[in-house]
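Visitor: Kindly return the folded structure for what I paste below:
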Amino acid sequence: MHNRRRNSEKDKNFKEDILKLFNYIKRYLPLIIPSLVLAFISSVFSIIGPDKLKDMTDTITKGIMTGIDLDKVKSIGIFLITIYSLGAIFGYIQGFIMSTVTNKCSKNLRTEIGEKINRLPLKYFDKTSFGDVLSRVTNDVDTIAMTLNQSFTTLVSSTTLFIGSLFMMFKTNYIMAITAILASIIGFTFMGLILGRSQKYFNEQQEQLGNLNGHIEEIYSGQTIVKLYNAMDDASEKFDDINKKLYISNRKSQFLSGLMPPLMGFIGNFGYVAVCVVGAALVINNHITFGVIVAFMIYIRLFTNPLSQIGQAFTTLQSAAAASGRVFTFLGEEEMSKENPSKKLDKNKVKGNIEFNNISFGYDEDKLIIKGFSAKAKAGSKIAIVGPTGAGKTTMVNLLMKFYDIDKGDILIDGISIKDLSRENVHDLFTMVLQDTWVFAGSIKDNIKYNNKKLSDKEVENACKVVGLDYFIKTLPKGYDTVLSEVESLSSGQKQLLTIARAYLSDKPFLILDEATSSVDTRTEELVQNAMDKLTKGKTSFIIAHRLSTIKNADLILVMKDGNIVEQGNHEELLKKKGFYAELYNSQFETVE
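Guide: Numbering: from 1, shown residues only. Have a look, this model is predicted:
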């Protein structure tokens, strides 16, 4: 009973995935229909051919006794050459059309996935590996494209050949037709059994492929850490485990689908034998001519080959169903909440006041991280947020940037709620320097100018001089035009300096520094700190730092613990209180005896 229910659910999922795929490709019907019509016409020409070959064979057979009618043979030959040539031309055209449609479909599908990624909340990526998302963009879309290119026209042409040849066989001789059908009916039975058992393995194959890509992406990006902790064996074991599961599902799905060609080949050959034996008996009894046997030998091929092609098409559809299920599930993921911004702030006119009003937030509904957080930041002030790991410091920044929606409370910028502003508008007001640096494969100059192409080369150089990166860049072979890549990359500290230079050139009223100096040495930190002082001048700045010595000159220090502000004031005031901040600050200078 349990297996029956499970199979029923799989059949339901398969139908739903196929339905989603068909609904998606409806938009391409104006391009697909001409291709299908050409495939249909080409198949009809193939069906007409054997009947004319029968006439030619009968004419030649009769002519052996009395004299061959060469004009009739010539006429039939020209007709056959014409329809087979037209069939080949139509086949080429429909193949060209389907290739165009396939490429257009896969391009648009990847575009939709790319746009979907921009609309997904960060919490989706917190629970999904980048490798799995990458697999949906590449492998799954390629599988869908391959199905469109191969299976749709195959299904039309094969179905036309199957039904047409069946009609022509009964029209020619019903006894021979029944013989051919009985010889082929076994193929239907086995095809249905094989398709029913193989679908689950195709689903598992796509799933394990996504898991493998996710694992490879994680291990490759963290190769240094993996080697540092001598975790190569553990990573290899996990890779081997996923690879083995992929191998098993691949082997089973391909084995079952691979049974189709030899099975249908056997059915076809068995049909040849049956037709020849029965046909010979009918010829002896003068019920049919020799040309009928020749025609039926071709009809058997036209009748059984479509079965094999239909089986292969359904096998491909199974892979496409599994792939489309993953793609359309991704496209159906919950997006960031809809926005109806009623106001807009001009970054050139913003004063810089920010107020956190009784904020409550949790990544899970049942577990709050921020509990009743309230604070005010005056325009142009430097606000430091400190506290132990997990206190909610970075979470506050994520809420301020509208990366996550607030559960309760509000954040006001110059008295305007961020709920009334679009995410793009909020992002346009802030510059961020994060602990996790990001550079792309391009020149150093392009990385610093990122999305700010109006900057001159002189401005870029001045910014690098301020942050202490200019000397290093000029030691490179191509200076500021040196292209960064995975092979030729900067150190963690140099990447951090590059992102600080990028932020230095960004003319925005608010600045967020999230552990901005965590990856630089002490001497470089002093240079960066001086650059930060210039960078924060005239801007409302939020600084998150574990090194409390770097935020001593902050106008206001917010001390967080367990999602709440437990203390606030400047450095001197907090030290005099001898509270939690003083404990954190002094602990940095304690020595272990």
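Visitor: Would you point out which residue is most central in this protein?
Guide: Nearest to the geometric centre of the chain sits V137, at 2.4 Å (Cα atoms, centre = their mean).
Visitor: How is it assigned, secondary-structure-wise?
Guide: Under DSSP: H, G, I helix; E, B strand; the rest coil, V137 falls in the helix class.
Visitor: check contacts around it.
Guide: Residues in contact with V137, defined by Cβ atoms under 8 Å, 6 or more residues apart in numbering, are 110, 113-114. Any C-beta I mention is one placed from the backbone N, CA and C, and that applies to glycine too.
Visitor: so which of the residues you listed would you say is closest to F79?
Guide: Comparing the contacts of V137 against F79 with Cβ to Cβ places R110 closest, at 46.6 Å.
Visitor: Can you give me every residue that contacts that closest one?
Guide: Contacts of R110 by Cβ under 8 Å, 6+ apart are 137, 141.
Visitor: For the stretch 451-593 of the chain, which segments count as helices?
Guide: Along the stretch 451-593 of the chain, counting by DSSP state H, counting those that start in this stretch, helices occupy 457-467, 470-474, 492-504, 522-536, 571-577, 580-587.
Visitor: could these go into JSON lines alongside mean neighbour count, mean pLDDT and distance to G279?
Guide: Shown next, in JSON lines, are the helices of the stretch 451-593 of the chain (neighbours: other Cβ atoms under 10 Å; pLDDT from 0 to 100; distance: least, Cβ to Cβ, whole Å):
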{"stretch": "helix 457-467", "mean neighbour count": "18", "mean pLDDT": "83", "distance to G279": "85"}
{"stretch": "helix 470-474", "mean neighbour count": "16", "mean pLDDT": "83", "distance to G279": "85"}
{"stretch": "helix 492-504", "mean neighbour count": "23", "mean pLDDT": "79", "distance to G279": "79"}
{"stretch": "helix 522-536", "mean neighbour count": "17", "mean pLDDT": "68", "distance to G279": "91"}
{"stretch": "helix 571-577", "mean neighbour count": "14", "mean pLDDT": "85", "distance to G279": "102"}
{"stretch": "helix 580-587", "mean neighbour count": "16", "mean pLDDT": "81", "distance to G279": "96"}
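Visitor: would you list the ones you listed in a markdown table and tack on distance to A280?
Guide: Output for the helices of the stretch 451-593 of the chain, formatted as a markdown table (distance: least, Cβ to Cβ, whole Å):
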| stretch | distance to A280 |
| --- | --- |
| helix 457-467 | 89 |
| helix 470-474 | 88 |
| helix 492-504 | 82 |
| helix 522-536 | 94 |
| helix 571-577 | 106 |
| helix 580-587 | 99 |
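Visitor: Looking at those helices, which is nearest to K20?
Guide: Short answer: helix 492-504, nearest of these by Cβ to Cβ, at 41.1 Å.
Visitor: measure the residue nearest to the centre of the chain to T143 for me?
Guide: As judged by Cβ to Cβ, to the nearest Å, V137 and T143 stand 12 Å apart.
Visitor: for K445, same thing?
Guide: 40 Å.
Visitor: Looking at these two, which is more packed in?
Guide: Taking neighbours as other Cβ atoms under 10 Å, K445 and T143 compare with T143 leading, 24 against 19.
Visitor: Need the pLDDT of the more buried one.
Guide: On pLDDT, T143 comes in at 81.
Visitor: Who are the contact partners of the closest residue to it other than its chain neighbours?
Guide: Leaving aside its chain neighbours, T143 sits nearest to A323 (3.9 Å; criterion: Cβ to Cβ, 6 or more residues apart in numbering). By Cβ under 8 Å, 6+ apart, the contact list for A323 reads 139-141, 143-144, 206.
Visitor: Just put those in a markdown table and tack on secondary structure.
Guide: As requested, the contacts of A323 are arranged in a markdown table below (three-state DSSP):
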| residue | secondary structure |
| --- | --- |
| N139 | helix |
| D140 | helix |
| V141 | helix |
| T143 | helix |
| I144 | helix |
| Q206 | helix |
